[in-house]
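In: pasting a predicted model and its sequence here:
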Amino acid sequence: MPPQAREKYLLTEVMTASPQRLHLMLIEGAIRFVHKARLHWAAKEDEQAGAALIRAEEIVGEILGGFKRDLDPALVKQVTSLYLFLYRTLVEAAFRRDDAKLAEALKILEIERDTWRQVCADLAAEQSGPAAQPQPGPSPIPPGILEAYPAEAERGQFSFEA
């Protein structure tokens, strides 16, 4: 596909996407940049890896900046904590060139991607007609995150306080 056609397609996709789909697109972008960083590290291309990690951090920052804190303050506080932890993990991974930290961040991003894919599918089913039965919504913090990182929770690195 020619670059201009691709740009036009992406612009149309973004301009017509629901807020939930935009959130999913951001998460998918962060995942892509984390994968790029890992590939660059493997190729000893530290400058390109750093640039990819900065892009992933920027995307997570955009997600953080987009929360509407007045809608459900308690829920937003929990979700904000998750994304702050993710942001700190990405920064630490970049600073220490730590692939294990990057793998942690990737795991969280992949759980978030799966959650938001389900949210988008549920909303699409809801909008397709009254016969569609919506599934229960995802929990604000994906299952297993707190259990997967008990040391961070004990050290205060993972907090529900925003």
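Out: Great, that's in hand. Numbering: from 1, shown residues only.
In: grab the most central residue of this structure for me.
Out: The centroid of the chain falls nearest to I27 when counting by C-alpha atoms, centre = their mean (3.6 Å).
In: hmm, it is touching E62, no?
Out: No. I27 lies out of contact with E62 (C-beta atoms under 8 Å); the separation is 10.7 Å. Yep, even glycine has a C-beta here, placed from its N, CA and C like the rest.
In: low-confidence regions, this structure specifically.
Out: Low-confidence segments of the chain, defined by pLDDT under 70, span residues 6, 9-10, 129-162.
In: would you map the helices across the protein?
Out: 3-16, 19-42, 46-65, 73-96, 99-127, 145-148, 150-154 (DSSP state H).
In: the first one vs helix 19-42, what angle?
Out: Following axes from the mean of the first three to the mean of the last three C-alpha atoms, to 10 degrees, one obtains 140 degrees for the angle between helix 3-16 and helix 19-42.
In: which strands or helices does helix 3-16 pack on?
Out: Here helix 3-16 is seen to pack against helix 19-42 when contacts are counted using 3 or more C-beta pairs under 8 Å, 6 or more residues apart in numbering; DSSP states H and E.
In: in the helix it packs on, which residues are buried?
Out: Burial within helix 19-42, assessed by neighbour count using 16 or more other C-beta atoms under 10 Å, is assigned to 20-31, 33-34, 36-38, 40-41.
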